[in-house]
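Q: after the sequence you'll find the predicted model.
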Amino acid sequence: MVGISIKNLLAEVGPSFDQPFEMLTACHDRVRRSLDLLVRLRAHLAEHGADTQAQQAAADIQRYFDLAAPHHHEDEERHVFPVLLAQGPAAMQAQVRRLQDDHQAMQRAWGPARAVLARVQAGQGGLSPADQAALDHFAGLYTDHLVLEDEQVYPAALALLGPDALAQAGTEMASRRQG
């Protein structure tokens, strides 16, 4: 399987926490690559079953959404959304509330999707229609969510945050990952 390992993705040199919005955008790139790996994993499973490559890909996807994605959502909930809820126009506030609902839906959908990936890691590669639906639902939650954040929410929040708030956000983001 042509693979991208999450380990390799995380090892890439990218923005630092001194640039919190660049870091958030880089996380979106990693989410997209993880979801692309999920698509390729499903095709691989159909052809090769849960071989070693499939098991490793499932582990990489699981690791990303277990570890990095929750931090990313917390970053948004603490450092992006509040300023827009407090100072943004009503339409933007509605978008932010939708994104907050998305985060909760993603968390709920991750459990069933994670269970499918755990079975693949255990060498059980046949995906039932329910498994397919769980993976589709989980991945589908990200489609519009990422676009809305990248194209509207991040630019709007960045316009409202001053240098001190950005520096504080970056420091807190880094600190949460170290602790």
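A: Yep, it's here.

Q: CA-only coordinates of the strand or helix carrying A165 in CSV, if you can.
A: Using DSSP states H and E, A165 sits within helix 163-178. This file holds the C-alpha atoms of helix 163-178, laid out as CSV (Å, rounded to 0.1, in the frame of the first residue of the first chain):
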residue,chain,number,x,y,z
PRO,A,163,0.0,40.1,19.1
ASP,A,164,-0.2,39.5,22.8
ALA,A,165,-3.3,37.3,22.5
LEU,A,166,-1.6,35.3,19.7
ALA,A,167,1.6,34.9,21.8
GLN,A,168,-0.5,33.7,24.8
ALA,A,169,-2.4,31.3,22.7
GLY,A,170,0.8,29.8,21.3
THR,A,171,2.3,29.5,24.7
GLU,A,172,-0.8,27.8,26.1
MET,A,173,-1.1,25.4,23.1
ALA,A,174,2.5,24.3,23.6
SER,A,175,2.1,24.0,27.3
ARG,A,176,-0.9,21.7,27.0
ARG,A,177,1.0,19.3,24.8
GLN,A,178,4.0,19.2,27.2
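
Q: output the contacting helices and strands for that helix.
A: helix 20-48, helix 69-75 (3 or more CB pairs under 8 Å, 6 or more residues apart in numbering; DSSP states H and E). (Glycine included, C-beta is placed from N, CA and C.)

Q: how far does the shortest one sit from its chain's centre?
A: The chain centre lies 8 Å from the centre of helix 69-75; the measure is CA atoms, centre = their mean, to the nearest Å.
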